[in-house]
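# Turn this into a model:
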Amino acid sequence: MKMSKLRQGFTVIEILTVIGILSIVLSGIAAFMIYAFQSYSFSFAEYGAVELARSSVTRINRDIREIRTGETGGWPIINASDNSFSFYSDVTNDGKADRVRYFLDGTSLKRGVIEASGSPLSYPAASEKISYAATGVYNGTNPVFRYYNGNWPSDTANNPLPAALRITATRYVTVYLNIKTNPSSTTGAFELTTGIQIRSMKDNL
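Numbers count the residues shown, from 1 in each chain. Next up is the predicted model:
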């Protein structure tokens, strides 16, 4: 009796089945790797934005705390709006007051500094040096800056100060930043807040 030969190798159907299974597995691995990479990239970007904002809040505290009269005799506070604050402060540590402004430009909080120069001293706008203080700022309707008089916090009726009184009456400033690198993300934003007493303008002691 003749014995049938064992079949060797794979049929076309078996090969196609294996290829199909491998394709599904590899597609799943690729999708997972892409998701993991995107998550890592987003986390890294978010971490960078938060750390930048944190370090800038520390610098904002120092800049505002040391507000003083300008070298040209100008009043310490130049402009005080919801998303922009300009004032004189020695931020370059050269013994002379610099003209400083923090302003929201889109979703970035920027810092501009003009050093006093010339004879007589002046603050030429063309020499302003601008840097980023924070990125990914999504405050919505919440202002970056709020201003308070010397009677705060006991005086709640007149605080925060209206626009007309901010330049002359401000003695205390709060800063609020809502940091979010991806506005469409379901993850929550990171909030940074601080309050600063202007040393040279204390009148409630």
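# could you pull out the strands for the chain?
77-81, 84-89, 98-105, 108-114, 129-134, 145-148, 172-179, 190-197 (DSSP state E).
# The residue sitting nearest the centre point of the chain pairs with what?
Nearest residue to the geometric centre of the chain (CA atoms, centre = their mean): Ala134, 2.5 Å. Bridge pairing for Ala134 (DSSP bridges) gives the partners Leu109.
# That one contacts Ser56, doesn't it?
Yes. The criterion here is CB atoms under 8 Å, and Ala134 meets it with Ser56 at 5.3 Å. The way it works is simple: take the backbone N, C-alpha and C, and place the C-beta from them, glycine included.
# how far away is Leu165 from Val137?
26 Å (CB to CB, to the nearest Å).
# neighbour-wise, which of the two wins?
Remark: of Leu165 and Val137, Val137 carries more neighbours, 23 against 15, as counted by other CB atoms under 10 Å.
# how about the more buried one, what does it touch?
With CB atoms under 8 Å, 6 or more residues apart in numbering as the criterion, the residues that contact Val137 are Ala53, Leu104, Thr107, Ser108, Leu109, Val144, Leu177, Asn178, Ile179.
# can you give me the helices for this structure?
12-65, 166-169 (DSSP state H).
# tell me, which of the ones you listed is the model least confident about?
Among the helices of the chain, helix 12-65 carries the lowest mean pLDDT, at a mean of 69.
# what sits against Phe85?
Ile64, Asn79, Arg101, Tyr102, Phe103, Val144, Phe145, Val173 are the contacts of Phe85 under CB under 8 Å, 6+ apart.
# Show the pLDDT at Thr193.
89.
# correct me, but it touches Asn178?
No. At 9.5 Å, Thr193 does not count as touching Asn178 under the criterion of CB under 8 Å.
# Show me which of the two is the more surrounded one.
With other CB under 10 Å as the criterion, Thr193 and Asn178 differ in neighbour count, and Asn178 comes out ahead with 19 against 10.
# The more buried one and Asp63, how far apart?
21 Å.
# And for Pro153?
Pro153 sits 23 Å away from Asp63, taking CB to CB as the criterion.
# Between these two, point out the one with more neighbours.
Between Pro153 and Asp63, counted using other CB under 10 Å, the more crowded position is Asp63 (22 against 9).
# residues contacting the more buried one?
Contacts of Asp63 by CB under 8 Å, 6+ apart are Phe87, Ser89, Val91, Val100, Tyr102.
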